[in-house]
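[1] Sequence unavailable; structure follows:
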């Protein structure tokens, strides 16, 4: 291990250290507790600054990790999401009186796990990162420990998460059995000439895909998502809905680039395409029936990972760049939606009912506008970032002669319009109820909503920089 | 940078920018500020449209006042605006109708004025942008940009069943446009597969491609691509039998929304057929002609018959739109220069006459809160000015010589007879039916005995309503007597589009 290696993972180190300081400060310096959020934010900002200030050395730790443009893109994505979630968590912690130190520390550690996954060029760091991420999330989901739904959420995530880890581990073992190495680069070099019998390799890959599919909540591994989303504290739900998914998609992309399964079997693309369309279809159709906003967003998340998977199925530079842009778009849309939804609910225990939004559009114009923009973006209506993201993945599909996949995608988007627009309709076209719910609108919520709205519309109108960065990141992977 | 280098951008972006600023900065209760800002923005836009007209060279068939800036260069997407004769005519119509809309809702919209004015202005940016965009991606963005403001206009300020109408409008429109997006992507990928190897969505690049044909429907890329574009446009027109969203949207929309919907939004469908379907997919167009001519003739006759059966005045005008749009489709698909010119002229005419009919129906609804034919009668004695205005709009709509509708219908029928004689004969009955139902309306509302006491004290048009109607009425006479400006500025562009 050289000092270059340590510099390469400086952002992770900053996060882990900041988390440790937070735990200690929370335990021994009670007077500091209300300000711990600032410390966590400072640590995250420091990690982000470190990632962009330090140069990208490429392979480090004997090629176990690869710190390239792709890693930087995903780190930025994870840290930006983490910052937004930290801001969102402030009013939640103040309202519920939950202890702040551990909460922040667990979020920071979970993010560092996701960041390790995203730069793993070796199957073992993938697993280590995944476990670090998951274990932190088991605790965070059940953080509201007086609440039955929160406990249920934590327990469900634990059981399903452990099962998914098992599948992934088994898949890794089979891939190792087939290739004799854990290193993705070594596999790629070995597979330049495809083996005559790739059964073992494909079985391993399928199991790994299933394990990652659980994290991505793709059909048929999606059933945990609605219950967990509904029960977890809302800031944790926001984190859960974006960060692990980003990391898992990047692992999938790196695996795909190394093993080139589409060269091994023609059915691979079809498999991904079917999973993608099934996720879109189920997510969108079931979301229509939901009356609880967090559950609705859970099903919408299932559908959105289906759209993102279209980019993975199309693969190539265009498809993967589309996936990266999709992740960025999905982060802003989801964090904005969860942030506003948490402001529109009286307490954590009560369901976040759609009907409670009635008439709020004219009463609380700012938050409602943010929620409306995020709904339009989720529905993929221009000029929002959600449209640009969908455009890119569908473009990749058409470009790879998967026109039917693009057609299925747009038809599913049409279905989704129904429930996304219903939120807007409830906000603006329903009368205010007689008994008006007491909603809080603290400044952190407004800040998150404002930033995300700005990003959704601004990057939707001027997506040049984001798309160029994503393309550069993908070139690093595919060269 | 010279003015002409940014003129079209200024034209497209002025209303939307003012709308956004209003939304973000204006205080909620300053209603007259909102109204005057909306009016001023509409008038400035009209001024810019007239300026564009004065800079326009009618002899040049290519896009003029072109602006091109890279937007997403690696994907071949650019911000491109340009105007040809066809687009110019429709831009002028849009810019003329917008102040009328603002006037028509001056006092009528008194709740959430800011949102209404802002929606209308953003809608105008969407419409002008869709006419002027010369990049398919940009066109799609503007096309979808029209959806949201219209959704709010119907859903928030509409009538009793507004939510049903608004959702139906959105689902219908998106069903067409999302598939069109795949079509646009396909055309872009064809460009990539052809010689240069790069993506491009610029209209002129796409128009140079030759899109492969094939056997049957499912194995014929050109026909499939034509079909997804045509579906999006046909829903917008609307072509029978995709018209069912139209009566709902019209009846529930507030007066201003109906005017803009009938006046401009429907024209985007026929504009799309002319600008995109015809030049990009010539063989598919050829193959689809019998189908669309048949549908157009059905729309003409069925629309007129259904209109005759209506009891609600606004619904009647809405169905008459279906019939009139059928004429325009017939003119487009008949394919001669004369018939296409007639179709373009008729787009303007329909915007003027149906726009003013909706305006006038709105006037009477504000006073009586009913639109049922049976609730009226004998209004000629109580409201002489109103009767005069309604009569002018009616006569324009049914094509009386000397007014605009006559010229358009004559050109369509004359131009179409050479290629579609049977269709023209059937369509001509639509003119007779049109006269029947519209004159019946006039008789029942204005001439029959005054039996309802509530009608006795109705006030005549106010200065505000007269000012709103006046530009439309004048334009009807002008085009009726001297249609040359519309015909001459569009002829070169039409010849280019239809390759004649």
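    Now that the structure is in, tell me what you want to look at. A quick note: this is a predicted structure, and the numbers were derived from the prediction, not measured.
[2] close to chain A, is the helix or strand encompassing residue B:225?
    Using DSSP states H and E, residue B:225 falls within helix B:221-236. No. Helix B:221-236 lies apart from chain A when judged by CB under 8 Å from any CB of the partner chain; the minimum separation is 8.8 Å. The C-beta positions use only the backbone N, C-alpha and C, and glycine is treated the same way.
[3] Report the contact partners of residue B:307.
    Shown in contact with residue B:307 (CB atoms under 8 Å, 6 or more residues apart in numbering or on different chains): B:316, B:317, B:319, B:320, B:322, B:323, B:437.
[4] Could you report the pLDDT at it?
    pLDDT recorded at residue B:307 is 91.
[5] Mind telling me what element it is part of?
    With DSSP H and E as criterion, residue B:307 is part of helix B:282-308.
[6] I'd like to know how many residues surround residue 211.
    Picking chain A for this. Residue A:211 has 27 neighbours, counted by other CB atoms under 10 Å in any protein chain shown.
[7] meant chain B actually
    Count around residue B:211 with other CB under 10 Å applied: 20.
[8] Quick check, pLDDT for it.
    On the pLDDT scale, residue B:211 is placed at 81.
[9] next helix or strand past the helix or strand hosting residue A:235?
    With elements taken from DSSP H and E, the one containing residue A:235 is helix A:234-259. The C-terminal neighbour of helix A:234-259 among helices and strands, as given by DSSP H and E, is helix A:261-264.
[10] pLDDT averaged over that following helix, what's the number?
    Helix A:261-264 shows a mean pLDDT of 72.
[11] which outside residues touch the next helix-or-strand element following that helix?
    For helix A:261-264, the following helix or strand on the C-terminal side (DSSP H and E) is helix A:267-288. The contact list for helix A:267-288 (CB under 8 Å, 6+ apart) reads A:202, A:213, A:218-220, A:222, A:261-262, A:296, A:299-307, A:309-310, A:312-313, A:315, A:402, A:405, A:408-409, A:412, A:415-416, A:418-419.
[12] Could you pull out the strands in the chain for me?
    Defaulting to chain A. With DSSP state E, the ranges of strands along chain A come out as A:58-60, A:65-67.
[13] Wait, chain B was what I had in mind.
    Under DSSP E, chain B gives strands at B:64-72, B:77-83.
[14] Output those in CSV; the columns should cover mean neighbour count.
    CSV is the format used below for these (neighbours: other CB atoms under 10 Å in any protein chain shown):
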stretch, mean neighbour count
strand B:64-72, 17
strand B:77-83, 22
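[15] for those, which one sits closest to chain A?
    Judged by CB to the nearest CB, the one of the strands of chain B that comes nearest to chain A is strand B:64-72, at 5.7 Å.
[16] Mind listing the strands the closest one pairs with, and their directions?
    strand B:77-83 (antiparallel) (DSSP bridges).
[17] chain center to the lowest-mean-pLDDT helix or strand in chain A, what's the gap?
    Ranking every helix and strand in chain A by mean pLDDT, DSSP states H and E puts helix A:261-264 at the bottom, with a mean of 72. Chain-centre distance of helix A:261-264: 27 Å, with CA atoms, centre = their mean, to the nearest Å.
[18] Identify each buried residue in it, please.
    Under the neighbour-count criterion of 16 or more other CB atoms under 10 Å in any protein chain shown, helix A:261-264 has A:261, A:262, A:264 buried.
[19] Quick check: residues of chain B near chain A?
    So chain B meets chain A at B:28, B:71-75, B:112, B:137, B:140-141, B:144-145, B:147-148, B:151-152, B:155-156, B:162-163, B:166-167, B:170-171, B:174-175, B:178-179, B:181-182, B:185-186, B:188-189, B:192, B:199 (CB under 8 Å from any CB).
[20] Show me how to select, in PyMOL, the buried members of these.
    Buried members of the residues of chain B next to chain A, defined by 16+ other CB under 10 Å, are picked up in PyMOL with:
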select buried, chain B and resi 71+72+75+112+137+140+141+144+145+147+148+151+152+155+156+162+163+166+167+170+174+175+178+179+181+182+185+186+188+189+192+199
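[21] At the geometric centre of the chain, which residue do we find?
    No chain in the question, so chain A it is. Residue closest to the average C-alpha location in chain A (CA atoms, centre = their mean): residue A:242, at 1.9 Å.
[22] hmm, I had chain B in mind actually
    Nearest to the mean C-alpha position of chain B, by CA atoms, centre = their mean, lies residue B:264 at 2.5 Å.
[23] Verify the stated contact: that one with residue B:92.
    No. Contact criterion CB atoms under 8 Å: residue B:264 and residue B:92 do not qualify, at 11.1 Å.
[24] Need the per-residue pLDDT for residue 438.
    Chain wasn't specified; assuming chain A. For residue A:438, pLDDT reads 66.
[25] not quite, I wanted chain B
    pLDDT at residue B:438 comes out at 90.
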